[in-house]
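1. I'll drop the sequence and a predicted model, then ask my questions.
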Amino acid sequence: MNQLETLKNNYKNELTAIKNLKDLEEFKVKYLGKKGVLKELLKDLGNMDPSKRSEYGKEINLLKQEIEENINIVFIKLKEEEKKLKIMNEKIDVTIPGKRTEIGSIHILSFVQKEISKIFLNMGYTIAEGPEVELDYYNFEALNIPKNHPARDTQDTFYINDEVLLRTHTSPVQIRVMKSQKPPIKIISPGRVYRADEVDATHSPIFHQVEGLLIDKGITMSDLKGTLEVFAKSFFGNQTKVRFRPHHFPFTEPSAEVDISCIFCGGKGCRTCKGEGWIEILGAGMVHRNVLLNCDIDPEIYSGFAFGMGVERIALLKYSIEDMRLFYENDIRFLKQFR
C-alpha cells in the first residue's frame, strides 16, 4: 500500500510537468501500457496473502481509473492550448490588401484570326485544317510550283528532307480538300505557317494565315471581288473601298494584289499608306487550270477563286501596331491593351 501511495505522488508530479501531447502519450504508455507500471503491480497479486489480495487489487484499479481521468483532463487542456496557438499563428490580418488575381484574355492574334474566320463563316464557308509538316507535293508541286520554279525562292522554308517540309502557306489544305471532296467547295484554312525569313518589324519565320477557296460552276472574278469587299467592310468598316492590282501567283490566273483604302486617312494619303491612300492586305485570284487538273477537277465544268492573308498584317493595320515582334514577346504591358 505504501508503494501505491508513492506511485500516486510520483504520477501526479509527472503529469503536472507535461507540456505537450507527445509527452502525454509517453506518460500514458508508461503507466497504462501493456508493460506499464500498473501491469507490473498486478503481476504481484499472485504472491500476496489472499486476505490482502482483494483490497490491493481494488486499490490498483481505483488508481488506474484516477490516472485515466487525469490523463483525459490534461489531454483536453493541451488540445485547447494547441488550438489557441494554431489560431494565433494562422491569424489573418483583414486590413492587409488582398493579392490581386490577374485575369487573362485571348491573345490578339488569336482574336483577329477568330474575327476573320467569323466573317467568312457567316458567308457560308467552313473551316478546313491540315498538317503543318507537309509534303513538297502538296505545298508546291500540286499548286503549279514545280521544282526549280522561281516562286520557290520567295517561299524559302525549313526542310525535314527532300520531300518533307514545314508548310509555307495554308494552300496545301486547299489541295487536300479538292482531292478528297467533289465541288462545290467553300472553305477557309486558318493556321500557322513557316518561312526562313529574318526577324524584323514586318517578318517572322513563324506567322499565321487565313486562306480561302471556293470551287463551283460559273464562278467568276466578280464573285471574288464581291466576297473580299464584304470581308473588308465587315472587318475595317463600311467606308472601306477595295482595289485590285494585277499580279502573278503560280496557282491563280488571273491573279491580283488586293488593297483597301487607308483606314487611317480615308484614302487622302498619310505616313502609314506612304501618301498613296491605299494599303495592301492580301493576294487573290482565280484558281489556275493546272491546279484544278492536279486535283482531278474538270476546268471546263468548274471554276473557282482563292485568296490568302497574313493574320499579323491584318492585326498590324487594324490596331496601328508598328512592329510585329510585339506579338511574340509576351510583354504583358502590350497584351493588356487588347483585353
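-> Arrived safely, thanks for sending.
2. Okay, now the unreliable bits of the stretch 1-150 of the chain?
-> 1-2, 45-46, 51 (pLDDT under 70).
3. again, only using 90
-> Low-confidence segments of the stretch 1-150 of the chain, defined by pLDDT under 90, are located at 1-71, 73-75, 77-105, 146-150.
4. Quick one: the helices in it, in order.
-> 2-17, 21-32, 37-43, 50-89, 108-122, 136-139 (DSSP state H, counting those that start in this stretch).
5. Kindly report the same for the stretch 151-300 of the chain.
-> 171-180, 221-236, 289-294.
6. that older thread, I'd like to know which of the helices of the stretch 1-150 of the chain is closest to A232.
-> Nearest to A232 among those is helix 108-122; the distance by Cβ to Cβ comes to 9.6 Å. Heads up, the C-betas are built off the backbone N, CA and C, glycines and all.
7. helices and strands around the closest one, which ones?
-> strand 185-194, strand 206-216, helix 221-236, helix 311-318 (3 or more Cβ pairs under 8 Å, 6 or more residues apart in numbering; DSSP states H and E).
8. Return the set of buried residues in that helix.
-> Using 16 or more other Cβ atoms under 10 Å as the test for burial, helix 108-122 gives 108-109, 112-113, 116-117, 119-120.
9. and the gap between K84 and K22?
-> As judged by Cβ to Cβ, to the nearest Å, K84 and K22 stand 18 Å apart.
10. Make a markdown table from the helices and strands packed on helix 108-122 and add mean pLDDT and mean neighbour count to it.
-> As requested, the helices and strands packed on helix 108-122 are arranged in a markdown table below (pLDDT from 0 to 100; neighbours: other Cβ atoms under 10 Å):
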| stretch | mean pLDDT | mean neighbour count |
| --- | --- | --- |
| strand 185-194 | 96 | 21 |
| strand 206-216 | 96 | 22 |
| helix 221-236 | 96 | 18 |
| helix 311-318 | 92 | 21 |
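11. which one is K114 nearest to, not counting chain neighbours?
-> Leaving aside its sequence neighbours, K114 sits nearest to I106 (Cβ to Cβ, 6 or more residues apart in numbering; 7.6 Å).
12. correct me, but A284 touches D259?
-> No - at 11.2 Å, A284 does not count as touching D259 under the criterion of Cβ atoms under 8 Å.
13. Looking at these two now, which is surrounded by more residues?
-> With neighbours defined as other Cβ atoms under 10 Å, A284 and D259 compare such that A284 has more, 25 against 20.
14. what's the closest non-adjacent residue to the more buried one?
-> What sits nearest to A284 in space, not counting adjacent residues and going by Cβ to Cβ, 6+ apart, is F307, at 3.7 Å.
15. Please tell me how far the residue nearest to the spatial centre of the chain sits from E312.
-> Nearest residue to the geometric centre of the chain (Cα atoms, centre = their mean): I106, 9.3 Å. Using Cβ to Cβ, I106 is found at 16 Å from E312.
16. now S180
-> In terms of Cβ to Cβ, S180 sits 29 Å off from E312.
17. R152 now?
-> Taking Cβ to Cβ, one finds R152 at 22 Å from E312.
18. How many residues are close by F305?
-> 24.
19. To clarify, my last question referred to P205.
-> Counted with other Cβ under 10 Å, the neighbours of P205 add up to 14.
20. if I look at it, how far off is A196?
-> 6 Å.
21. Quickly list what's touching both of these two.
-> F158 (Cβ atoms under 8 Å, 6 or more residues apart in numbering).
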